[in-house]
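1. need coordinates for the below:
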Amino acid sequence: MQAFFQVARVRNTLAYATHKFFQENGFVWISSPIITASDCEGAGEQFCVTTLIPSAQDATHSSVDSIPKTDNGSIDWSQDFFKKPAFLTVSGQLNAETYATALTDVYTFGPTFRAENSNTSRHLAEFWMIEPELAFADLSDDMACASAYLQ
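-> Coordinates of the predicted model:
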């Protein structure tokens, strides 16, 4: 249990340092959506979010046949909460790019999800990602920002 608390303290310190760095350098933090219909640049396999299976208990006891279908056999997304396929985000980049056009330098720092079928210690299904978006910047500006953040 002690290790859990130590990891929580380290995560807290790193999150604080991340926000502090970007805020002190004129960035605006953007809280990007966790549920999205976009696959950001094909960044990874996505987890689908749906209400077509009503509850956790129903999910373990229902068959695939209970999912509503259209006349041609496709999933009837019109009966879903979102009315179309929705997924857990693989990146906040698309959202950040939109904000950067108005606010110039922005960053996202939040949970992202990847549904890769990999059971190794090097692949996570959920992780927090830092995504700075520098408007009107070139590669030198990007490298300078990354270098300053790591220092």
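2. need the pLDDT of Ile30.
-> In this model, Ile30 is scored at 94, pLDDT.
3. correct me if wrong: it contacts Thr108.
-> Yes: using C-beta atoms under 8 Å, Ile30 is in contact with Thr108, at 5.2 Å. Placement of C-beta: from N, CA and C, glycine included.
4. what about Phe82, neighbour count?
-> By other C-beta atoms under 10 Å, 14 other residues sit near Phe82.
5. for this protein, which residues score under the pLDDT cut-off?
-> 41-44, 54-63, 121-122 (pLDDT under 70).
6. tell me the SS of the residue of it most remote from its centre?
-> Distance to the chain centre peaks in the chain at Asp71, reaching 33.7 Å (criterion: C-alpha atoms, centre = their mean). Applying DSSP: H, G, I helix; E, B strand; the rest coil to Asp71 yields a three-state assignment of coil.
7. what separation do you get for it and Asp80?
-> To Asp80, Asp71 is 17 Å away according to C-beta to C-beta, to the nearest Å.
8. need the residues touching each of Ile30 and Thr108.
-> Common contacts of Ile30 and Thr108 (C-beta atoms under 8 Å, 6 or more residues apart in numbering): 92, 95-96.
9. quick one: which of the residues you listed sit in helices?
-> If you go by DSSP state H, the shared contacts of Ile30 and Thr108 have 95-96 in helices.
10. thought Ile75 was touching Lys83?
-> No: with contacts counted by C-beta under 8 Å, Ile75 stays clear of Lys83, the gap being 11.9 Å.
11. those two: who's more crowded?
-> Neighbours per residue (other C-beta under 10 Å) separate Ile75 from Lys83, with Ile75 holding more: 15 against 10.
12. now for that one: which residues touch it?
-> 52, 67-69, 85.
13. closest one of those to Gly26?
-> Proximity of those to Gly26 was ranked by C-beta to C-beta; the top entry is Pro85 with 37.1 Å.
14. what about that closest one, distance to Thr51?
-> Going from Pro85 to Thr51 by C-beta to C-beta gives 12 Å.
15. same check on Ile75?
-> Distance check for Ile75 against Thr51: by C-beta to C-beta, it reads 12 Å.
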